[in-house]
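Asker: predicted model, plus sequence, below.
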Number of protein chains: 2
Amino acid sequence: MTQVASRADGRRAAGQRSRAAILAIAVDLASSEGLEGLTIGRLATEARMSKSGLFAHFGSKQGLQLATVERAREIFTDEVIAPALGAGQGPTRLCGVLNAWLSYFERGVFAGGCFFIAASSEFDDRGGPVRDAVDGAMEAWIEFLEQLCAEAVADSAIPAGDPGQLAFELNAIGIATNWELRLRRNADAIPRARAAFERVLAGGAA
Amino acid sequence: MTQVASRADGRRAAGQRSRAAILAIAVDLASSEGLEGLTIGRLATEARMSKSGLFAHFGSKQGLQLATVERAREIFTDEVIAPALGAGQGPTRLCGVLNAWLSYFERGVFAGGCFFIAASSEFDDRGGPVRDAVDGAMEAWIEFLEQLCAEAVADSAIPAGDPGQLAFELNAIGIATNWELRLRRNADAIPRARAAFERVLAGGAA
DNA sequence: CCTACCGATCGGTAGG
DNA sequence: CCTACCGATCGGTAGG
């Protein structure tokens, strides 16, 4: 029963490949032009498809935006969170994540810089499912950082301090790094960020 | 000769009032919907004017965007920079600016949060005069912060440290505060920012 | 997955 | 500062 792929299975697989190819373009486009600037017409041109052919994959512009946010979240997880999870304990893990985060900025994993920082700024004054998806991804990120800080404090690897305050300060440094790299085109942001991370982790947070 | 206002003077004054009224709406609209989302049609509706009547003030959408950035810069200067300039010396001045900056975030001086953080994110991947205007405003801000840090170090009010690194870290905290307030709707960002400012200024920067 | 089409809105212009 | 208009593009639909 499972040996022979049916015609329907072949169609479904092709559809999934097509969808994946569209989303690979969409995340880069949205990171530079915004999730509203991601128009169906332009995306169709870049994916060499008809507008309505592309449209059929997502049902609405909002569906396309939600799928794009979800795909960006997978990429962020693969690039920043997953590599550090396998390696080491509390404090090593925290340093691993911070290094992976800087590397993600530096390599330009998304064509227009950090997808989620851009999407935060674009959607922070709106309501609706897209804003909720962006906020949900960011909440998970901040909670993850906070948990790593709590582990590092528990291991006495860094001075005692409020994990929430530590996570706020570490997150601030990362956001500013993306800003320096993208707007100011200042490559010094990377060493600056490293020095700032070290000071936060060495100093403890009230 | 200067006693009697000519008909032309009256017209010019009315034109300037109209322009100022348009830009007051434009900065708020752009801070929430973006400088591209600031469409001439919608702005005209909110200003109770015809599209072409509004258009005539600026000549092009880019002209409108540039005028909006300039007006936002004046507001930022009035709210954050000017108040602290009159009062006190080096370190007092630095604290005054940081407090005024937090107050500016907290009061929501622009309807959609910090105009320049939003515009940075929107235009960082483009070229052209609007990007240059945003970058120019941000460069002036960072240099101003750096100068205040250098003064505070020179006055021995804070431990010796690289003013550029100090300014990077202080700026990071402000950007993250806007992000916490707008996306995460987390009012704790204000006390968190105050604690972070104090730690940066107490610790010195390598 | 396509062609062909819809009404709405975009930035911008003509002419007054 | 207005009315009336332009071509282009938007999100989305019909029908295959």
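Answerer: Here it is on my side, so go on. Residues are numbered from 1 along each chain as shown, chains lettered A, B, ... in the order given.

Asker: skipping adjacent residues, who's closest to whichever residue of chain A sits closest to DNA strand D in space?
Answerer: Relative to DNA strand D, the nearest point of chain A is A:Gly41 (2.6 Å; CB to the nearest atom of the strand). (C-beta placed from N, C-alpha, C; glycine too.) Leaving out its chain neighbours, the residue that sits closest to A:Gly41 by CB to CB, 6 or more residues apart in numbering or on different chains is A:Lys51, at 5.5 Å.

Asker: what's near enough to touch that neighbour?
Answerer: A:Lys51 sits next to A:40-41, A:44 when contact means CB atoms under 8 Å, 6 or more residues apart in numbering or on different chains.

Asker: circling back: next SSE downstream of the helix or strand harbouring the residue of chain A closest to DNA strand D?
Answerer: Under the criterion of DSSP states H and E, A:Gly41 resides in helix A:40-46. Counting by DSSP H and E, the next helix or strand C-terminal to helix A:40-46 is helix A:51-58.

Asker: in that next one, what counts as buried?
Answerer: The neighbour-count check on helix A:51-58 (16 or more other CB atoms under 10 Å in any protein chain shown) flags A:54-55, A:57-58 as buried.

Asker: what separates it from the chain centre, distance-wise?
Answerer: The chain centroid and the centroid of helix A:51-58 are separated by 25 Å, computed with CA atoms, centre = their mean, to the nearest Å.

Asker: quick check: mean pLDDT across the helix or strand just after it?
Answerer: Toward the C-terminus, helix A:51-58 is succeeded by helix A:61-76 as the next helix or strand (DSSP H and E). Helix A:61-76 shows a mean pLDDT of 98.

Asker: so which residue is dead centre in chain A?
Answerer: Closest residue to the average C-alpha location of chain A: A:Phe76 at 3.8 Å, with CA atoms, centre = their mean.

Asker: measure that one to A:Ala82 for me?
Answerer: 10 Å (CB to CB, to the nearest Å).

Asker: do the host helix or strand of A:Ala152 and DNA strand D meet?
Answerer: Secondary structure assignment for A:Ala152, by DSSP H and E: helix A:129-154. No: Helix A:129-154 is not in contact with DNA strand D by CB under 7 Å from any atom of the strand; minimum separation 12.1 Å.

Asker: check contacts around the residue nearest to A:Pro129 when sequence neighbours are not counted.
Answerer: Once flanking residues are discounted, A:Pro129 sits nearest to A:Leu66: 6.1 Å by CB to CB, 6+ apart. Taking CB under 8 Å, 6+ apart, we find A:Leu66 in contact with A:129-130, A:133.

Asker: same question for A:Phe168.
Answerer: Shown in contact with A:Phe168 (CB under 8 Å, 6+ apart): B:176, B:180, B:189, B:192, B:196.

Asker: looking at these, which are in helices?
Answerer: The helices, defined by DSSP state H, take in B:176, B:189, B:192, B:196 from these.

Asker: of those - the most surrounded one?
Answerer: When neighbours are counted by other CB atoms under 10 Å in any protein chain shown, B:Ala196 leads the ones in helices among the contacts of A:Phe168 with 26 neighbours.

Asker: nearest residue to A:Glu70 other than its sequence neighbours?
Answerer: Per CB to CB, 6+ apart, closest to A:Glu70 is A:Ala133, 7.2 Å.

Asker: isn't A:Ala67 up against A:Ser60?
Answerer: No: at 10.6 Å, A:Ala67 and A:Ser60 do not qualify as touching, with contact defined as CB atoms under 8 Å.
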